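In: predicted model, plus sequence, below.
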Amino acid sequence: MLELPKVSEDHLTALSTYAPRVSAFTPLRYRDFRLLWTGLVIANIGSWMQFVALGYLVDRLTKEPLYLGILAASQAVPRLLFALVGGTIADRVDRRRVLVLTNLLLMGSATALAVLTATGLIQVWQIMVLAAVNSLAMSFDMPARHSMLPELVGENQLLSAVGLSALAYNGAGIFGPSLGGVIIAAVGEAGCFALNAVSYIGVLLAVMRMRIPPSRAAGHLTVSQDVREGLRLLFENRRLLLLLGAVWSLSFFGRPYVQMMPAFAREVLMVDARGLGVLQAAAGMGTIASVLLLARLSAGRGIGAILGFAMLAFGALVTIFGLTRWFWLALGLLVLIGAAQALALASANTLIQLAAPPFARGRMMGFYSMMTFGGFALGSLPVGAAAGAVGVGPALSAGGALVITIAIAILPQLRRIE
């Protein structure tokens with residue numbers, strides 16, 4: 001017989017004191033969510049520093065946009081292959097234990113990058129391998145973390161919690177890239193990698209202090225059977241297919257602008273590492289506005305329309321961004337791009353979790369991970385190839401135009417989702 005987990009005393013207290021009105025920061029009243037969120041802010045600043053340093057290092061070593069696409073592809077393959085397995089594990093075992101193991105692996109990878117770069121032994125193939133290791137770890141980390149959110153705050157505050165999680169990632173993108181650009185200019189890429197390794201201590205301490213009970217499945221199915229069950233649940237639910245298709249389209253065709261930023265900054269805007277850091281930070285600024293807007297929305301009504309219109313705006317903004325040649329205009333466009341992207345992904349994340357059965361949320365978040373990061377990373381390869389042929393700007397604009405086309409096609413269906 002399956003024994004239902006006991007809810008911690010702190011969690012019951014938070015639930016009993018829930019007020020119907022939800023603000024942008026209401027989920028932070030929950031102790032365990034607050035711990036997780038704080039740890040993520042610290043770690044994500046380091047992750048953004050490493051992201052900028054990796055792109056800058058590959059671009060410096062190769063001077064070819066195609067290699068930025070290859071870097072993204074090396075990150076895409078593990079996510080596409082293992083995200084569903086990671087989601088299945090999240091439905092079967094203690095999610096906190098998963099987070100501890102994944103963050104230890106991410107810390108080790110960042111340390112290896114720091115040592116190899118500082119000693120001058122770093123090569124492009126090593127960067128690709130370690131980037132793939134990071135992606136493998138995130139294939140297990142992301143489904144466990146996102147599927148944990150309803151347990152931490154309750155479904156009625158899920159939209160705000162997802163928005164705050166986006167803020168922890170993209171908001172850290174305000175400081176991480178700028179700081180990364182300064183550190184690259186001062187001491188080189190190795191400094192970014194070393195600081196990122198240290199930043200994971202924040203997540204580890206936060207996760208180990210959380211008091212929610214372990215989440216375990218009944219255990220009557222094997223991992224492969226759970227994977228097949230997740231696939232069956234997905235293909236039987238047309239709403240989930242539509243939402244994941246929207247996320248894939250946005251990520252594959254539109255989001256490669258992030259990966260191409262080093263080449264765009266160097267070739268089109270002609271700025272150095274500091275300028276690149278500012279550009280990477282701009283999208284994170286837009287996330288703050290999106291979180292405040294999300295807090296004004298009802299937790300279950302009209303979110304499909306928000307997803308559709310945010311996707312349409314995102315495609316239009318990326319199209320214009322690819323055509324610009326002025327740094328300050330590009331900076332302003334990136335702020336708006338970040339806001340539209342955060343609105344679209346937070347809306348999709350919330351709708352997918354609400355549409356998924358509670359016992360399969362980890363697997364649905366595995367699919368979401370495949371669509372978001374896998375789509376973005378895999379889409380960067382053809383965009384990188386196109387950038388080498390026609391230029392970075394036109395390649396990005398073409399992707400944005402495809403997002404617009406798809407958004408117009410599926411908007412009527414998304415508007416019917418409340």
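Out: Cool, the structure landed.

In: contacts, neighbours, all on C-alpha from now
Out: Fine.

In: now do the helices in the stretch 201-350 of the chain.
Out: Counting by DSSP state H, counting those that start in this stretch, the segments of the stretch 201-350 of the chain that form helices are 223-235, 238-249, 261-264, 273-294, 303-323, 327-355.

In: looking at these, which is closest to Phe25?
Out: In this view, the helices of the stretch 201-350 of the chain are compared for proximity to Phe25 by Cα to Cα, and helix 273-294 is the closest at 8.9 Å.

In: give me phi/psi at Glu236?
Out: In terms of degrees, to the nearest 10, the main-chain angles of Glu236 are phi -90, psi -10.

In: TSV for the helices of the stretch 201-350 of the chain, including mean pLDDT and mean neighbour count?
Out: Listed next are the helices of the stretch 201-350 of the chain as TSV, based on pLDDT from 0 to 100; neighbours: other Cα atoms under 10 Å:
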stretch	mean pLDDT	mean neighbour count
helix 223-235	79	16
helix 238-249	91	20
helix 261-264	84	26
helix 273-294	74	24
helix 303-323	92	24
helix 327-355	88	23
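
In: these: which one's closest to Thr405?
Out: Among these, helix 303-323 comes nearest to Thr405, with 8.3 Å by Cα to Cα.

In: rewinding a little: nearest to Leu411, out of the helices of the stretch 201-350 of the chain?
Out: Counting by Cα to Cα, Leu411 lies closest to helix 303-323 out of the helices of the stretch 201-350 of the chain; the figure is 5.2 Å.

In: got the angle for that closest one vs helix 327-355?
Out: 150 degrees (axes from the mean of the first three to the mean of the last three Cα atoms, to 10 degrees).

In: packing partners for helix 303-323?
Out: helix 327-355, helix 392-415 (3 or more Cα pairs under 8 Å, 6 or more residues apart in numbering; DSSP states H and E).

In: hang on, the earlier thing: nearest to Arg60, of the helices of the stretch 201-350 of the chain?
Out: Across those, Arg60 has its closest neighbour in helix 261-264 (9.4 Å, Cα to Cα).

In: does anything pack onto that closest one? Which helices or strands?
Out: helix 31-62, helix 273-294, helix 392-415.

In: I'd like those as JSON lines, with distance to Phe175 appended.
Out: Shown next, in JSON lines, are the helices and strands packed on helix 261-264 (distance: least, Cα to Cα, whole Å):
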{"stretch": "helix 31-62", "distance to Phe175": "7"}
{"stretch": "helix 273-294", "distance to Phe175": "6"}
{"stretch": "helix 392-415", "distance to Phe175": "25"}
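
In: run through the stretch 1-150 of the chain and note the low-pLDDT ranges.
Out: 1-24 (pLDDT under 70).

In: please enumerate the helices of it.
Out: Using DSSP H, counting those that start in this stretch, helices in the stretch 1-150 of the chain cover 9-16, 31-62, 65-92, 95-118, 124-153.

In: of all the residues in the third one, which ones are buried?
Out: Spelled out, that is helix 65-92. Buried residues in helix 65-92, defined by neighbour count with 16 or more other Cα atoms under 10 Å: 65-80, 82-92.

In: cool, and stretch 403-414?
Out: When neighbours are counted by 16+ other Cα under 10 Å, the buried residues of stretch 403-414 are found to be Val403, Ile404, Ile406, Ala407, Leu411, Leu414.

In: of those, which is the nearest to Pro382?
Out: Nearest to Pro382 out of those is Val403 (Cα to Cα; 15.1 Å).

In: wait, the closest one sits on Arg255?
Out: No: with contact defined as Cα atoms under 8 Å, Val403 does not reach Arg255; the gap is 9.9 Å.

In: with distance to Ser47 as added columns, please give the helices of the stretch 201-350 of the chain in a markdown table.
Out: Rendered in a markdown table, the data for these read as follows (distance: least, Cα to Cα, whole Å):
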| stretch | distance to Ser47 |
| --- | --- |
| helix 223-235 | 30 |
| helix 238-249 | 22 |
| helix 261-264 | 16 |
| helix 273-294 | 12 |
| helix 303-323 | 24 |
| helix 327-355 | 17 |
